[in-house]
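Asks: Need a 3D model of the sequence below.
(3 chains)
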Amino acid sequence: MTATAITPELIAQHQLTPDEYGKIVAILGREPSYTELGIFSVMWSEHCSYKSSRLHLKKLPTRSELVVQGPGENAGVVDIGGGYVIAFKIESHNHPSFIEPFQGAATGVGGILRDIFTMGARPIAVMDSLRFGRLDDPRTGPRNRRVLSGVVAGIAHYGNCFGVPTVGGECLFEPCYDGNPLVNVFALGVCRKEDIFYARAAGAGNPVIYVGARTGRDGIHGASMASAEFTEESKQKRPNVQVGDPFMEKLLLEACLEAMRTGAIVGIQDMGAAGLTCSTCEMGSRGEVGIEIELDLVPQRETGMSPYEIMLSESQERMLLVSEKGREDEVFRVFRKWGLESAEIGAVTGDGKLRVRHHGEVVAEIPNRELADEAPLYDRPHGKPLRHAGDAPEFLPASVQEALPALLASSDVCSKRWIWEQYDYQVRTNTIAGPERTDAAIVRIKETGSSVAMSLDGNGRYSYLDPREGAKLAVAECCRNLATVGALPVAATNCLNFGNPERPEIMAQLVEAIEGMADACRFFGTPITGGNVSLYNETLGEGIYPTPVLGIVGLMKTAAPVTIPFKNAGRSVVLLGGLGGCNDTDFGGTEYAKVVVGRLWGLPPALDMDREKRVHDAMRAVLAENLAESAHDLSDGGLAVALAECAFGTAEIGAEIDLDSDLRPEMLCFHEGPSRILVSTAHPHRVAAIAAAHGVDAPALGVTIERGIEIRQRTMTLGSWDISSLKSVYCQALESHVK
Amino acid sequence: MKFGVIVFPGSNCDHDAFYAASQNLGQQAEYIWHDSATLGDVDAVILPGGFSYGDYLRCGAIAKFSPVMNAVRGFAREGGLVLGVCNGFQILVEAGLLPGALIRNRGLKFICRELRLRVGTSRSPFTSAAVKGQALRMPIAHGEGRYFADERTLDELEAEDRVAFRYIDNANGSLRDIAGILSRERNVMGMMPHPERATEPLMGSSDGLVVFRSMLEAAVRA
Amino acid sequence: MKARVFVSLKSTVLDPQGQTVRSALQGLGYAGIAEVRQGKFFDISIAAGVTREQARKDLETIAQEVLANPVIEEYQIEVLD
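Replies: Numbers count the residues shown, from 1 in each chain, chains lettered A, B, ... in the order given. Next up, the predicted model:
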């Protein structure tokens, strides 16, 4: 064993507490070697072990009749019928994207794609949920613009080259993300049910094979970096950033799927965070076997790498697999065909240990199960969620006439075309509805004749005001987006972006968000099948808003989608769910409060889940009878913004509506009460009948017209606009902010 | 009719071209691996879009050395139909089968967008089913699709009626709005827009079928 | 006065482009090629009247802050006459 002395300083540098170190000594029955210390530190990092969140994640629903694989594998798997399944997951790459936006985001896409095809599924869609600091801030704006441009270019670079369509997502801006952008990437793949692969080793004597890129000193301790707050010092340290190679990944995809078809592969896992360490120990642990490897056999890009470096390297585009003994050549042949390097680096053993040799000498020997599953588990103290927002301020409301264009120009609300046009959202010719055509993206499954709809949502402002309700609202919004295209939500994945869990008021945000999410996911029948927790999202003690992001998938028949824009003049404009109510308190988290008042206060809008679900059911029933010509849910910016967005189609059909309500005009037009969907229809009576049957309010607000938008309240005009001028504000805002 | 779809390492529109030819046109299709020295019994060859060899060095620059490209050159010499789409177009110009070059888009960014094209000539086995001047809707998806050639070459292309498609909406800054061109013998065509992505109403347009139908007519006549 | 600034990935950072070119060259039979690293350079003309010393100082700052991304790239400056 190596002779590096294990000092308290070294232990602290590895972000292990004295108690954790004591546990390591107890497991091993001796002091660890330097390499072993490194292995424990990455496996027991927050990123890999979920030591602060695990206890609470257990509260989430994870099962249903359709869930084939829940959390614990590389991705969740759901049965979509016809003998096929989908595998999907969302993951964060926040910290790397701040250090090097382009490569950080690119390797984030690479990592989640590997998680999907490791399961045997071919990736068919990617979406991303992004958060940045404000683009127009005089001090931080220039850097935020650079981070945004770099992240978008990185996602485009990787996804486009790999050949997976990036079909949608969301992007919002708040000062709290200045030094801590969020890059959450969702990916979804499809395969036949019997072709799913698991990351489990089995069969003592079976060879362990390394495939893909060579190992270099990339991103060593990336996993523990992702588990610590940024300080000036860590910025200086500038860890070796991993560089993504989407071309290599594309070859890996094709080669892995082809190798899987040989039937010679027993188990397979990608090397992501904590690289070779994580893949060997988790595959062994899941299969309740041991794995022994010789590091001399690991293909290396640099010379003189130590065992510590090889085990902890986070070089990208690498896979570890176990094949049946005697059938190695079938596997090697496939990888050679694709021009990829593969090497047998060890074997499965029966003793349950991870044994690592270097030049023949054992440098680490750790019981697999204890390493993977006996990681520390913390019930961290959690008090009341952090919250500094006060009561409603006095404010002089802007006229509806002026407020609408202001909201349409805000970077949160405006068209994100500048972003999504950089993504190939069509490759594989399955994208029935791509970005901004519908509220949920739709990708058809050629093999089954059915389609999968998907939506990402998370609202940091709401979650800051009330983490529990914020998480519920995110679930409701995703499910509502799916309902507007007629899809039935079936399962979810989550990415929990929070600050430092060692602070009780941050831990409380996490706990409440998880509990809220659990309630809502149970209610809407969307079990969480996997996901990711990203903690310590703080820079210099400034935490982000708690930002739980949901990705929910739904199933539907393959058909031409009902899209957002109004199609014809003279149609009834109906608001499923009704005008809703609002008060001073509930108005404080709205986009209006942010853009017009410049403040955040009160509480998020109130959600009645039962009513929400009835609106979804009514919407699906309306679509099933082909009664809607357009459908768009109300979200950021409320009714007026949604109405304007419906007018921005190529035909530029507008509407005149008259609202029968006592609410103050700014609340009536811009409150963000949930459970509302705006549809246009040639059959208002039948829509009304369906709504009534579901116990849903569905006032007819007015009619679509050839040109212009006009909003009245009990015959008094609140605003009237020319569509093309509003549309140009909406379409050009982001580009003008970025430049 | 049988289409051969060439698969380079990094091709990613190969499945889409295959699907368009087999499902939406109802013809036979097969994949041809990049290190194959022959093309078998195919009636036409498609070089699909993607990022062959990661588009490292230059787009299409490494792919042109693939063994299959010798076979493609021979096939073209014999009058066989060769269609290069997007990265396939880039490979054809790198390989010298078509003149000019495809350089970085004017805005320096990748653009994925459905846009309008005008048919430049119907006098080709790729556009015979269309009418000259007809407007078609097809998507583009590229970062380096700005057609570039010297004035003499551009004049020559126009004089010889070899501009197959021009952009009505020129998003990438291509010279003279050129979206697709023909070889002198008119049996090789390269285009940046993706006809295979526009072969069924569900994808938003069926206008790309014109290219495939024209090829089918030409193959049936031959 | 003219200058040239060379920017390339740090030697410890993976260079997918160089790697792919190398394997293509080896595939074409150039057995003598062991390694390829890809980079870029900037040709810069210095305005008249600027001293060599000042130019070098400016270029150092420009290379560090603009031309190279110090997280993953390194640079070399050549000042020519």
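
Asks: Which secondary structure state does residue A:401 sit in?
Replies: What DSSP: H, G, I helix; E, B strand; the rest coil gives for residue A:401 is helix.

Asks: Tell me, how many residues neighbour it?
Replies: Neighbourhood size, residue A:401 [other Cβ atoms under 10 Å in any protein chain shown]: 14. (Each C-beta comes from the backbone N, C-alpha and C, glycine too.)

Asks: Quick check: it touching residue A:719?
Replies: Yes. Between residue A:401 and residue A:719 there is a contact at 3.9 Å, judged by Cβ atoms under 8 Å.

Asks: Now do the helices in chain C.
Replies: C:16-27, C:52-62 (DSSP state H).

Asks: Out of these, flag the one nearest chain B.
Replies: Chain B lies closest, by Cβ to the nearest Cβ, to one member of the helices of chain C: helix C:16-27, at 4.0 Å.

Asks: list the contacts for residue A:206?
Replies: Applying Cβ atoms under 8 Å, 6 or more residues apart in numbering or on different chains to residue A:206 gives the contacts A:266, A:322, A:323, A:324, A:325, A:347, A:348.

Asks: ok, the residues you listed vs chain B, which is closest?
Replies: residue A:323 (22.9 Å).

Asks: OK, contacts around the closest one?
Replies: Applying Cβ under 8 Å, 6+ apart, we find residue A:323 in contact with A:206, A:207, A:209, A:264, A:265, A:266, A:330, A:331.

Asks: And those, which of them are buried?
Replies: Among the contacts of residue A:323, the ones that count as buried by 16 or more other Cβ atoms under 10 Å in any protein chain shown are A:206, A:207, A:209, A:264, A:265, A:266, A:331.

Asks: dump the residue contacts of residue A:524.
Replies: Residue A:524 touches A:475, A:476, A:479, A:489, A:609, A:613, counting by Cβ under 8 Å, 6+ apart.

Asks: could you say what helices and strands whichever helix or strand the fourth one is part of packs with?
Replies: It stands for residue A:489. Per DSSP states H and E: residue A:489 is located in strand A:488-497. Contacts defined by 3 or more Cβ pairs under 8 Å, 6 or more residues apart in numbering or on different chains; DSSP states H and E place strand A:488-497 against strand A:76-81, strand A:84-92, strand A:182-192, helix A:467-484, helix A:504-524, strand A:528-534, strand A:547-557.

Asks: which of the ones you listed is buried the deepest?
Replies: helix A:467-484 (a mean of 28; mean count of other Cβ atoms under 10 Å in any protein chain shown).

Asks: From the chain's centroid, how far away is it?
Replies: Distance of helix A:467-484 from the chain centroid (Cα atoms, centre = their mean, to the nearest Å) equals 14 Å.

Asks: Could you do stretch C:1-16 as well?
Replies: 3 Å.

Asks: What residues sit buried inside it?
Replies: C:3, C:5, C:6, C:7, C:8, C:9, C:13, C:14, C:15, C:16.

Asks: Would the helix ranked longest in chain B count as contacting chain A?
Replies: Under DSSP H, the helix in chain B containing the largest number of residues is helix B:209-221. No. Under the criterion of Cβ under 8 Å from any Cβ of the partner chain, helix B:209-221 makes no contact with chain A; the nearest approach is 12.9 Å.

Asks: Only the buried residues of the strand holding residue A:489, if you could.
Replies: Buried residues in strand A:488-497, defined by neighbour count with 16+ other Cβ under 10 Å: A:488, A:489, A:490, A:491, A:492, A:493, A:494, A:495, A:496, A:497.

Asks: What are the boundaries of the strands in chain C?
Replies: Assigned by DSSP state E, the strands in chain C fall at C:2-9, C:39-45, C:73-80.

Asks: Now mean pLDDT and distance to residue A:242 too, for these, in a markdown table please.
Replies: Below are those laid out as a markdown table (pLDDT from 0 to 100; distance: least, Cβ to Cβ, whole Å):
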| stretch | mean pLDDT | distance to residue A:242 |
| --- | --- | --- |
| strand C:2-9 | 93 | 12 |
| strand C:39-45 | 93 | 19 |
| strand C:73-80 | 92 | 14 |
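
Asks: so which of these gets nearest chain A?
Replies: strand C:2-9 (7.3 Å).

Asks: Direction-wise, compare the closest one with helix C:16-27 and give the angle.
Replies: 80 degrees (axes from the mean of the first three to the mean of the last three Cα atoms, to 10 degrees).
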